[in-house]
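Asker: got a structure for you, letters missing:
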């Protein structure tokens with residue numbers, strides 16, 4: 001029912017099944033998956049909250065509540081988990097740190113991360129603690145810890161790589177562009193042609209309007225992994241938004257759509273390239289669908305700009321206001337406002 005577009009009927013079926021799911025872990029997981037696929041992560045978390053709990057259900061609930069941006073429910077879960085945190089279970093302490101970080105309780109997040117006793121969770125906690133330190137205004141300490149991690153011979157390769165990505169991200173937050181570029185360069189020296197680092201650097205080049213370098217890095221990712229959906233979509237969107245190579249962009253985006261037809265970001269890219277190709281009414285359908293799946297300022301700005309081009313100015317202004325409410329500093333929104341004069 002869901003895949004055939006009959007979402008209301010799908011919900012009716014789920015509502016009939018849900019009351020009997022409390023004692024059936026597999027059924028609860030299946031129900032949660034379906035609610036999330038219907039775009040209702042809060043309902044998915046509610047289903048998982050029924051019946052016996054374990055570390056997996058706690059982690060899934062936290063992830064779904066964060067996705068739903070339900071801070072109140074997430075704070076309640078945080079309180080529930082804190083009561084059982086006397087046990088030094090590294091999974092529980094890492095999760096508490098992640099929830100505290102999301103809730104912007106940075107001092108508490110740092111304490112939880114530093115209390116993770118060992119296991120693979122300890123590496124994640126060390127990495128996450130650097131962002132918390134940065135948020136607390138202790139940037140020099142954060143970068144020092146990242147450099148320690150990057151030179152730790154015992155650290156798993158993925159953690160070492162992510163330490164370079166984290167360093168670059170924190171420099172980006174500081175608008176330290178040269179330091180950000182240097183972090184990516186050192187990361188690629190340690191991990192030549194790593195797709196994650198190349199992809200992140202491509203997005204950094206795009207932010208700086210260096211489209212040629214952004215394209216080069218994304219094409220390098222596609223040489224390494226021709227089926228990388230993220231790179232296909234990012235390159236297609238970049239060519240759509242920042243060049244006049246729209247037919248080439250459409251081909252890339254269509255490859256990404258074939259792999260992930262229900263991905264809101266890809267649907268947004270598809271709608272945007274249709275708009276650039278002059279197929280405005282078709283574009284509007286796709287962009288509205290993307291926004292129904294993901295309330296995002298950039299998608300709202302795209303809807304507004306297409307409405308503006310179609311002469312539906314009052315509707316466009318309403319969508320621009322929605323975009324402002326979600327993220328007034330969004331780059332796509334600012335470009336659209338400047339372009340339309342709205």
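Answerer: Cool, the structure landed. Given the structure is predicted, the values throughout are model-derived calculations rather than measurements.
Asker: domain ranges for this protein, per the record?
Answerer: Here the domain assignment for the chain is 1-84, 117-192, based on the TED database.
Asker: how many neighbours does residue 40 have?
Answerer: Summarising burial for residue 40: neighbours were counted as other C-beta atoms under 10 Å, giving 18. Using the backbone N, CA and C atoms, a C-beta is placed for each residue, glycine as well.
Asker: list the buried residues for stretch 16-31?
Answerer: For stretch 16-31, burial by neighbour count (16 or more other C-beta atoms under 10 Å) applies to 18, 21, 27, 28, 29, 31.
Asker: do I have it right that residue 293 meets residue 262?
Answerer: Yes. If you go by C-beta atoms under 8 Å, residue 293 and residue 262 touch, sitting 7.5 Å apart.
Asker: who has more neighbours out of those two?
Answerer: Between residue 293 and residue 262, residue 293 has the larger neighbour count (other C-beta under 10 Å), namely 17 against 13.
Asker: report the central residue of the protein.
Answerer: The centroid of the chain falls nearest to residue 67 when counting by C-alpha atoms, centre = their mean (9.3 Å).
Asker: which residues are in contact with that residue?
Answerer: Neighbour list for residue 67: 36, 41 [criterion: C-beta atoms under 8 Å, 6 or more residues apart in numbering].
Asker: now, which of the buried residues of stretch 16-31 sits nearest residue 219?
Answerer: residue 29 (38.9 Å; C-beta to C-beta).
Asker: who's in contact with that closest one?
Answerer: Counting by C-beta under 8 Å, 6+ apart, residue 29 has contacts 48, 60.
Asker: that older thread, mean pLDDT lowest for which of the domains of the chain?
Answerer: Looking at the domains of the chain, the lowest mean pLDDT belongs to domain 1-84 (a mean of 91).
Asker: from residue 132, how far off is the closest residue to residue 317 other than its chain neighbours?
Answerer: Nearest non-adjacent residue to residue 317, counting by C-beta to C-beta, 6 or more residues apart in numbering: residue 342, 6.1 Å away. With the distance defined as C-beta to C-beta, to the nearest Å, residue 342 ends up 39 Å from residue 132.
Asker: number of residues surrounding residue 328?
Answerer: 10.
Asker: per-residue confidence at it?
Answerer: On the pLDDT scale, residue 328 gets 95.
Asker: where's it relative to residue 337, distance?
Answerer: Taking C-beta to C-beta, one finds residue 328 at 10 Å from residue 337.
Asker: same check on residue 268?
Answerer: 18 Å.
Asker: again with residue 181
Answerer: Look at residue 181 and residue 337: by C-beta to C-beta, they are 29 Å apart.
Asker: and for residue 23?
Answerer: Counting by C-beta to C-beta - residue 23 and residue 337 are separated by 53 Å.
Asker: try residue 42
Answerer: Look at residue 42 and residue 337: by C-beta to C-beta, they are 32 Å apart.
Asker: ditto for residue 205
Answerer: Distance from residue 205 to residue 337, by C-beta to C-beta: 24 Å.
Asker: between the two, which has more neighbouring residues?
Answerer: A count of neighbours by other C-beta under 10 Å puts residue 205 above the other of residue 205 and residue 337, at 20 against 17.
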